[in-house]
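Student: Take this sequence and fold it.
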Amino acid sequence: MHDENPAPQDAPAAPPGVTFVMPVLNERDYLETAVTTVLAQELDEPLELILALGPSRDGTTELAERLAQGDDRVRVVMNPQADIPVGLNLAIRAARYATIVRVDAHSELDAAYTRDALATLARVGAANVGGVMRADGRTPFQRAVARAYNSPIGLGGGAYHGGATEGEAESAYLGVMRRAVLEEVGMFDESIRRGEDWELNLRIRAAGYRVWFDPSLAVTYWPRESWPALARQFFATGTWRGELVRRFGRQNSLRFFAPPALVAATVVALVTGVVQAAGVLPAWLAPWAPVLYAPLGLYALVVLAVAVISPGGIREKAWLAAVIPTMHLSWGTGFIGGLLRGASDTVDTSRLDRNTPLP
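Tutor: Reported below is the predicted structural model:
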């Protein structure tokens, strides 16, 4: 493991301080609060926030410019391609300070978040530290999505979706990172539009550095607000995970194969049901039909049980029962396509309106 993280030989070391980098696109309803929580961080060293601003069409551009004019710690760099990794790299290159903290416009930080993360970064000698994604919601639908995010059955597997044990991790949610290490490993891969954080952390670990999970750190995250947007988000994310499996194979966790397995089980059950209803199911296969239905039936029972026992009103419970399979089936369908054909130019359109130019 590396205990020290020297800056590249051809560049002077960045001065102490924290640069927050935030990719922004069509975030008028969330941006100001996100910026406020960043500027309220309890730090003894200087901080700045760089907004990598995509071509928004909802008033976000004007809001971002107003926020930058109102506080000299806020700066804007233009990200006309709207790609997240491109925007992150633009912001990092414009950064003044030695520590980079990734934040999202849909995230909110507790005042002590960065101070505590810096302490962990120093204590364990890590290159990147992350905590828990604490999803929350304002409407019954968004609260249902948040419950799915926070539940093992929803996004289970990653430590930052509810892990309780501190230690080395595969990846980190958002991340508090040493800039020198980012520059050493080449920063974000701009050919990867989703899963760019996982791939970056893969290179950080391959270079001999630690990626660390600290469950005492938590970031509030506001998920998508509509069913179609959620489905588009998860389809794009699944497609890019399929692409990452094509590129990196066994370095991907087996848990990524659970949603595509669900899609396959669903297709088998539906085809069997149609053939059986048409009366053309082969006689030798008929006794096995219940076995083909069983995985999907068991899955449906688990989802319904999770929805019934979850807190909240009837609307939230009903949405939760719909949200969980939407997430899994959208992600799994995208994964299969990405695995077979690659992600190509697949874009997450869940926060784009019809007037926003695609990258």
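
Student: Just confirm residue 90 contacts residue 52, I think it does.
Tutor: Yes: proximity of residue 90 to residue 52 meets the contact threshold set by C-beta atoms under 8 Å, at 5.3 Å. Backbone N, C-alpha and C define where each C-beta goes, glycine included.

Student: These two: who's more crowded?
Tutor: More neighbours surround residue 52 than the other of residue 90 and residue 52, with 25 against 21 (other C-beta atoms under 10 Å).

Student: State the pLDDT value of residue 245.
Tutor: Listed pLDDT for residue 245 reads 95.

Student: what does residue 359 give?
Tutor: The pLDDT attached to residue 359 in the predicted structure is 42.

Student: And residue 342, by the same measure?
Tutor: The pLDDT attached to residue 342 in the predicted structure is 94.

Student: isn't it right next to residue 246, touching?
Tutor: Yes: using C-beta under 8 Å, residue 342 is in contact with residue 246, at 6.1 Å.

Student: list the contacts for residue 99?
Tutor: Taking C-beta atoms under 8 Å, 6 or more residues apart in numbering as the definition of contact, the neighbours of residue 99 are 16-19, 118, 121, 176-179.

Student: Give me the subset of those lying in strands.
Tutor: Secondary structure assignment by DSSP state E places 18-19, 176-178 of the contacts of residue 99 in strands.

Student: which one of the residues you listed is nearest residue 192?
Tutor: Each of those was checked against residue 192 using C-beta to C-beta; the closest is residue 177, at 16.9 Å.

Student: Pull out the buried positions in stretch 255-264.
Tutor: Neighbour-count burial for stretch 255-264, counted by 16 or more other C-beta atoms under 10 Å, picks out 256, 259-260, 262-263.

Student: sorry, that was for stretch 56-69
Tutor: Along stretch 56-69, the positions that meet the burial threshold by neighbour count (16+ other C-beta under 10 Å) are 56-58, 60-61, 63-64, 67-68.

Student: thinking again about what came up before, format the buried residues of stretch 255-264 as JSON lines; extra columns: pLDDT and secondary structure.
Tutor: Below are the buried residues of stretch 255-264 laid out as JSON lines (pLDDT from 0 to 100; DSSP: H, G, I helix; E, B strand; the rest coil):
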{"residue": "256", "pLDDT": "90", "secondary structure": "helix"}
{"residue": "259", "pLDDT": "95", "secondary structure": "helix"}
{"residue": "260", "pLDDT": "96", "secondary structure": "helix"}
{"residue": "262", "pLDDT": "96", "secondary structure": "helix"}
{"residue": "263", "pLDDT": "97", "secondary structure": "helix"}
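
Student: Let's have the residues you listed in JSON lines, adding distance to residue 290.
Tutor: Putting these into JSON lines (distance: C-beta to C-beta, whole Å) gives the following:
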{"residue": "256", "distance to residue 290": "29"}
{"residue": "259", "distance to residue 290": "24"}
{"residue": "260", "distance to residue 290": "23"}
{"residue": "262", "distance to residue 290": "18"}
{"residue": "263", "distance to residue 290": "20"}
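
Student: just those now: which is nearest residue 29?
Tutor: Nearest to residue 29 among the buried residues of stretch 255-264, counting by C-beta to C-beta, is residue 259 at 29.2 Å.

Student: Neighbours of the closest residue to the closest one other than its chain neighbours, how many?
Tutor: With C-beta to C-beta, 6 or more residues apart in numbering as the criterion, residue 259 has its nearest non-adjacent residue at 3.3 Å, and that residue is residue 332. Residues near residue 332, counting by other C-beta under 10 Å, number 27.

Student: which SSE is residue 332 in?
Tutor: Using DSSP states H and E, residue 332 falls within helix 314-341.
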